[in-house]
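Colleague: Need a 3D model of the sequence below.
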Amino acid sequence: MPDGPLSRKAPAKANLFLRILAREASGYHSLETLFCLLDLADDLTAERRPGDRVTISVDGADVGPAEQNLAVRAAEMVLQATGRRFGVHLMLTKRIPVQAGLGGGSSDAAAALILVNQLAGGPVPSHELLQFAARLGSDVPFFLSEARLALAWGHGERMLRLPPLPAAPALLLVPPEGMPTTEAYAWIDQGGDSTKRGGLALDLDALRGWGDVARMAGNDFEAALFARKPGLKTAFEALAGTRPLLCRLTGSGSAFLAVYRTAADRTDAAMMLGRKHGRLIEVTAGG
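Modeller: Numbering: from 1, shown residues only. Below you'll find the predicted structure:
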């Protein structure tokens, strides 16, 4: 059982395609998505403390009340499962923008599940950690799996790990206004057009390059957000106008990912865009 603090990276993700298939009686949505890791990451450190409580300190963006933080909830799950033999303090350095659809909170939660289980000596088996992850959110199982590319269904707990795509230079465009996930899903429900959808027919053997991904279906949240947030549509169109290989809304938004052929193309795109539509972050997708 480790005596000192443990740390790990909590990477961001993009949804290279995302379909909302149904809203179930439980209130959760069934989905089909292709997850891809980005090299932008938060840092999470966990250390044992006296008592049996979970506390957190955050350097970076405001992540809201501690009791609502997914990393805190994840740590609580592991402590509860292991008999609350010690307390945990989490130290989180936030680099992933919040309310941007990049999965930062979910990635932090997956990191907390792994770290707190390690602090306890690893008593919680991987299949039980996966159950915890699915209860925390549909993105958390992907981060827990440590896959770089994966197709996921259901609530994210059904997953097929795929060979990673080639590493490619990419830009994140993060608009000033964030997008709460619950509000984005509510707009999908109001549209009513995704409640009886089936999954896509995918040729996974042909999924080898970014051009293959670009030919797939887009993101179901795009139409709902663009109808209500014209500024987001304008930002997306500006980013798409820089001629990337692929341009997508990330998750439920509000950020966008554009993947380019070369780093020079990415630099040119950043110069074209400037700061008019939001913050630009250079990342690597795939690899």
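Colleague: What is the burial count for P97?
Modeller: As a burial measure, P97 scores 23 neighbours (other Cβ atoms under 10 Å). Any C-beta I mention is one placed from the backbone N, CA and C, and that applies to glycine too.
Colleague: same check, this time on G60
Modeller: Residues lying near G60 (other Cβ under 10 Å) number 15.
Colleague: Nearest residue to M216 in space, please, no chain neighbours.
Modeller: Among residues not flanking M216 along the chain, F17 sits closest, at 4.7 Å (Cβ to Cβ, 6 or more residues apart in numbering).
Colleague: what number of residues lie near the one you found?
Modeller: F17, neighbours per other Cβ under 10 Å, totals 20.
Colleague: Could you give me the buried positions within the helix or strand hosting it?
Modeller: Assigned by DSSP states H and E, F17 belongs to strand 6-23. By neighbour count with 16 or more other Cβ atoms under 10 Å, strand 6-23 contains the buried residues 6, 8, 10-21, 23.
Colleague: list the buried ones in the worst-scoring helix or strand of the chain on mean pLDDT?
Modeller: When each helix and strand of the chain is scored by mean pLDDT, DSSP states H and E, helix 181-191 comes last, with a mean of 77. Buried residues in helix 181-191, counted by 16+ other Cβ under 10 Å: 181, 184-185, 187-188.
Colleague: same thing with stretch 150-158?
Modeller: Neighbour-count burial for stretch 150-158, counted by 16+ other Cβ under 10 Å, picks out 150-157.
Colleague: which residues does L18 contact?
Modeller: 31-34, 218-221, 251 (Cβ atoms under 8 Å, 6 or more residues apart in numbering).
Colleague: Just the strands from the stretch 151-287 of the chain, written as ranges.
Modeller: Per DSSP state E, counting those that start in this stretch, the stretch 151-287 of the chain carries strands over the ranges 158-161, 168-174, 246-249, 256-259, 279-285.
Colleague: follow-up on the earlier one: residues in a beta bridge with the residue nearest to M216, which ones?
Modeller: L34 (DSSP bridges).
Colleague: Now do the helices in the stretch 1-150 of the chain.
Modeller: Secondary structure of the stretch 1-150 of the chain (DSSP state H, counting those that start in this stretch): helices located at 70-81, 104-119, 126-136, 140-145.
Colleague: For E177, which of these is the nearest?
Modeller: helix 104-119 (16.6 Å; Cβ to Cβ).
Colleague: for that closest one, what is the average pLDDT?
Modeller: For helix 104-119, the mean pLDDT works out to 97.
Colleague: which parts of it are buried?
Modeller: Applying 16+ other Cβ under 10 Å to helix 104-119 flags 104-117, 119 as buried.
Colleague: Excluding covalently adjacent residues, which one is nearest to D52?
Modeller: Here the residue nearest D52, using Cβ to Cβ, 6+ apart, is R84, at 4.0 Å.
Colleague: thinking again about what came up before, among the buried residues of strand 6-23, name the least confidently predicted one.
Modeller: The lowest pLDDT within the buried residues of strand 6-23 belongs to R23, which sits at 67.
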